[in-house]
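Asks: curious how this folds, go ahead:
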Amino acid sequence: MTDHTSNKSAEVLTAIQKISKNIDSVATMTEQATIGTSEIAKGVDHTTQASIQISEAALAQAKIADELSSMVSKFKV
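Replies: Numbering: from 1, shown residues only. Model prediction:
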């Protein structure tokens, strides 16, 4: 009976160790996914900022084009 109990205890201990390793593995993958998501968010933020700057530059160019067109129209005969 003692050998049987000892064997079962060893099996339970082995199973618990495997579960612990799997939990550690899941935790590591979750951490890596979180880091990846954070990097994606940073990239999206940079892209958004660049898009805003492009829009502002396009608006400034449109205003300059309007002013130039107005100036040129004054000199038309």
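Asks: now name the helix or strand holding the residue most central in space within the chain.
Replies: In the chain, the residue lying closest to the centroid (Cα atoms, centre = their mean) is I40, at 2.1 Å. Element membership for I40 (DSSP states H and E) is helix 2-74.
Asks: which SS class is K76?
Replies: Secondary structure for K76, judged by DSSP: H, G, I helix; E, B strand; the rest coil, is coil.
Asks: and it, how many neighbours?
Replies: 5 (other Cβ atoms under 10 Å). All C-beta atoms are positioned from the backbone trio N, CA, C, and that covers glycine.
Asks: ditto for Q49
Replies: Count around Q49 with other Cβ under 10 Å applied: 10.
Asks: poorly predicted segments of this structure, please.
Replies: Applying pLDDT under 70 to the chain flags residues 1, 77.
Asks: hmm, 50 instead?
Replies: By pLDDT under 50, the chain has no low-scoring segment.
Asks: from S9, how far off is D3?
Replies: 11 Å (Cβ to Cβ, to the nearest Å).
Asks: more neighbours, these two?
Replies: Counted by other Cβ under 10 Å, D3 and S9 do not tie: S9 has more neighbours, with 10 against 7.
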